[in-house]
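**Student:** can't give you the sequence, but here's the structure:
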């Protein structure tokens with residue numbers, strides 16, 4: 001009897017121990033696959049969040065640098081291309097009368113929303129500049145050839161001027177003048193510290209020539225960069241995320257962190273720029289080091305968004321950066337970084353709970369555990385595919401996940417994120433990156449048998465700034481929402497409209513390959529925009545639109561080229577509107 005009991009006990013151990021070992025291995029396998037699936041989904045979620053941040057940062061940088069370029073184009077317009085092939089562009093006469101030059105400087109100053117300084121240094125030593133120091137206070141600086149520089153304060157054009165100082169100032173010896181003369185073309189200065197206002201700034205200078213090629217002097221637009229830091233500090237970066245802008249060697253230009261960008265050096269009182277390597281944030285230091293390592297081994301095209309993964313103190317981080325470069329000498333790095341753990345919370349909770357359920361189910365029956373594994377992986381796989389579709393511009397798949405646990409909450413978060421990533425929060429139309437992603441998706445899926453044709457309209461609202469200035473941003477937002485609704489109602493089902501920032505919209509017209517048809521639609525849109533918009537307290541606002549048109553593939557084979565062509569044609573129309581309204 002005792003031998004039988006021992007034999008039975010041995011058989012039990014023979015079958016039970018391997019079964020328990022098999023259950024433990026299966027449970028560990030479930031946990032491993034759940035961890036990997038959750039890690040993959042978290043990586044995609046983190047990278048898509050960084051893509052959204054980088055899109056907004058790039059828009060802010062382009063908006064600030066474009067304001068300097070456009071203000072210089074007002075002071076010294078670029079040559080006008082000839083309508084006849086082979087003829088040289090026409091050079092517009094530069095005003096030699098101070099009154100006419102003053103009018104251009106005032107117009108250029110009002111073109112920029114932020115405080116700015118626009119001035120002209122003549123080859124004869126003369127100087128004329130207008131600087132906006134606050135909303136209703138301007139500085140007017142004038143120097144006759146070989147004379148003193150007289151500085152006045154006034155409240156606007158044709159208002160009383162008060163002399164504040166008389167100084168020795170030779171514009172031809174200033175770095176912005178000598179550097180531009182030496183290069184012979186439009187030139188950015190180095191980022192500098194404004195000692196009086198204690199913030200960073202940058203100049204864009206442009207040589208000016210007469211119609212006969214005679215050098216007349218240098219026009220300059222000086223803009224502050226404080227708005228860029230204020231913009232970064234308002235971005236939704238998550239619990240530990242950072243965003244910052246530096247020069248190639250690491251000198252800080254703007255940051256989302258509450259830390260200074262420069263410090264007073266010693267007893268001299270001079271300001272010294274701080275570098276990313278000196279940041280108090282280890283994440284900023286690590287992110288910049290990863291970008292430097294990548295640039296040392298890889299060639300990066302300007303404007304290209306690069307995503308990197310790395311480890312910092314044992315934890316995974318995601319880094320995104322974009323190089324901003326132009327022929328005038330601008331070389332900036334926009335960088336954003338976040339620990340992956342910032343996005344792991346909801347996924348981790350679902351993984352742990354599902355692992356516990358898997359252990360219980362596996363202990364009960366092998367079949368239930370196997371079905372549970374398939375059920376869990378199916379939903380997480382759906383989330384992974386959905387997250388990837390957000391990044392590549394393909395249609396967002398239906399999740400069909402009806403759960404009350406963390407994975408269900410994550411599915412809801414994905415759907416909410418898809419709406420936030422693809423649409424402009426104010427107007428509820430597509431945003432810039434979403435429209436570009438959708439166009440690229442259509443291009444990838446086109447073929448010779450089914451070619452893609454479309455038109456792109458670049459729309460800039462005229463007289464919108466007056467609504468913002470006179471009635472406030474709330475009324476301005478109502479105008480933008482109304483304009484977006486009108487644009488949507490004007491378009492067909494296959495067409496799309498996106499807000500590119502500020503008062504700029506872009507319309508995608510699917511299947512339109514004829515310029516006359518595209519211009520007819522543009523006129524229809526302009527007519528719709530031009531209708532009065534009801535505001536607060538019985539006010540009614542009327543804005544107009546300048547519309548530029550480009551065709552794919554006639555005007556370009558990539559979205560950026562099409563945008564530049566449409567933007568250029570829009571500015572041509574805007575200048576025409578201004579001339580007609582004078």
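**Tutor:** Happy to help now that I have it. Model, not experiment: these values are computed from the prediction.

**Student:** could you pull out the helices for the stretch 401-550 of the chain?
**Tutor:** 406-422, 432-444, 464-471, 473-490, 515-529 (DSSP state H, counting those that start in this stretch).

**Student:** Which positions within the third one qualify as buried?
**Tutor:** So the one you mean is helix 464-471. Within helix 464-471, the residues scored as buried using 16 or more other CB atoms under 10 Å are 464, 465, 467, 468, 471. Placement of C-beta: from N, CA and C, glycine included.

**Student:** one step back: tell me which of the helices of the stretch 401-550 of the chain lies nearest to residue 93.
**Tutor:** helix 464-471 (28.4 Å; CB to CB).

**Student:** and the one helix or strand residue 246 maps to, how far out from the chain's middle?
**Tutor:** Assigned by DSSP states H and E, residue 246 belongs to strand 242-247. Averaging C-alpha positions (CA atoms, centre = their mean, to the nearest Å) puts strand 242-247 13 Å from its chain's average.

**Student:** cool, and stretch 142-151?
**Tutor:** 41 Å.

**Student:** Identify the residues contacting that stretch?
**Tutor:** 98, 122, 124-129, 139-141, 152, 163-169, 171 (CB atoms under 8 Å, 6 or more residues apart in numbering).

**Student:** Can you pull the poorly scored residue ranges out of this structure?
**Tutor:** 1-43, 113-115, 195-198, 264-270, 310-315, 342-421, 580-582 (pLDDT under 70).

**Student:** Now do the helices in the stretch 201-350 of the chain.
**Tutor:** 226-233, 282-297, 345-364.

**Student:** Tabulate the buried residues of helix 464-471 (a markdown table), appending distance to residue 145.
**Tutor:** Below are the buried residues of helix 464-471 laid out as a markdown table (distance: CB to CB, whole Å):
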| residue | distance to residue 145 |
| --- | --- |
| 464 | 41 |
| 465 | 37 |
| 467 | 43 |
| 468 | 41 |
| 471 | 45 |
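
**Student:** Closest one of those to residue 452?
**Tutor:** Closest to residue 452, out of all of the buried residues of helix 464-471 and judged by CB to CB, is residue 464, at 32.5 Å.

**Student:** Looking at the backbone only, give me phi and psi for the nearest residue to the closest one once chain neighbours are set aside.
**Tutor:** In space, and not counting its chain neighbours, residue 464 is closest to residue 503: 4.3 Å by CB to CB, 6 or more residues apart in numbering. Backbone torsions for residue 503, taken as degrees, to the nearest 10, come to phi -110, psi 30.

**Student:** again with residue 274
**Tutor:** Dihedral angles (degrees, to the nearest 10) for residue 274: phi -90, psi 150.

**Student:** wait, isn't it in contact with residue 257?
**Tutor:** No: between residue 274 and residue 257 there is no contact under CB atoms under 8 Å: 11.3 Å.

**Student:** List the buried residues in stretch 248-258.
**Tutor:** Buried residues in stretch 248-258, defined by neighbour count with 16+ other CB under 10 Å: 250, 251, 252, 253, 254, 255, 256, 257.

**Student:** Once you drop chain neighbours, what's closest to residue 433?
**Tutor:** residue 55 is the one closest to residue 433 (CB to CB, 6+ apart), at 4.3 Å.

**Student:** actually residue 547, not the one I wrote
**Tutor:** Nearest to residue 547 is residue 522, by CB to CB, 6+ apart, at 4.2 Å.

**Student:** and that neighbour, how many neighbours?
**Tutor:** When neighbours are counted by other CB atoms under 10 Å, residue 522 registers 24.

**Student:** how far away is it from residue 426?
**Tutor:** Remark: distance between residue 522 and residue 426 (CB to CB, to the nearest Å) = 23 Å.

**Student:** Could you give me the buried positions within stretch 492-508?
**Tutor:** 495-508.

**Student:** what does it contact?
**Tutor:** Stretch 492-508 is contacted from outside by 59, 63, 424, 426-427, 429-432, 434-435, 438-439, 454-461, 464-465, 480, 483-484, 487-488, 491, 509-511, 525, 563, 566, using CB under 8 Å, 6+ apart.

**Student:** ok, now stretch 560-580?
**Tutor:** 70, 303, 456-460, 462, 506, 544, 546-550, 552, 555-556.

**Student:** Also stretch 63-79?
**Tutor:** By CB under 8 Å, 6+ apart, the surrounding residues in contact with stretch 63-79 are 89-92, 94, 101, 104-105, 107-109, 111-114, 116, 118, 120, 186, 202, 204, 206, 208, 219-221, 223, 225, 227-228, 324, 326, 330, 501-502, 571.

**Student:** And stretch 533-553, end to end?
**Tutor:** 36 Å (CA to CA, to the nearest Å).

**Student:** to the chain's geometric centre, what's the distance from that stretch?
**Tutor:** On CA atoms, centre = their mean, the centre of stretch 533-553 falls 23 Å from that of its chain.

**Student:** quick one on the thing from earlier: filter the contacts of stretch 492-508 down to just the buried residues.
**Tutor:** Judged by 16+ other CB under 10 Å, buried ones among these: 59, 63, 424, 427, 429-432, 434-435, 438-439, 454-461, 464-465, 480, 483-484, 487, 491, 509-510, 525, 563, 566.

**Student:** The nearest residue to residue 301 once chain neighbours are set aside: neighbouring residues, count only.
**Tutor:** Nearest non-adjacent residue to residue 301, counting by CB to CB, 6+ apart: residue 323, 7.6 Å away. Using other CB under 10 Å, residue 323 has 18 neighbouring residues.
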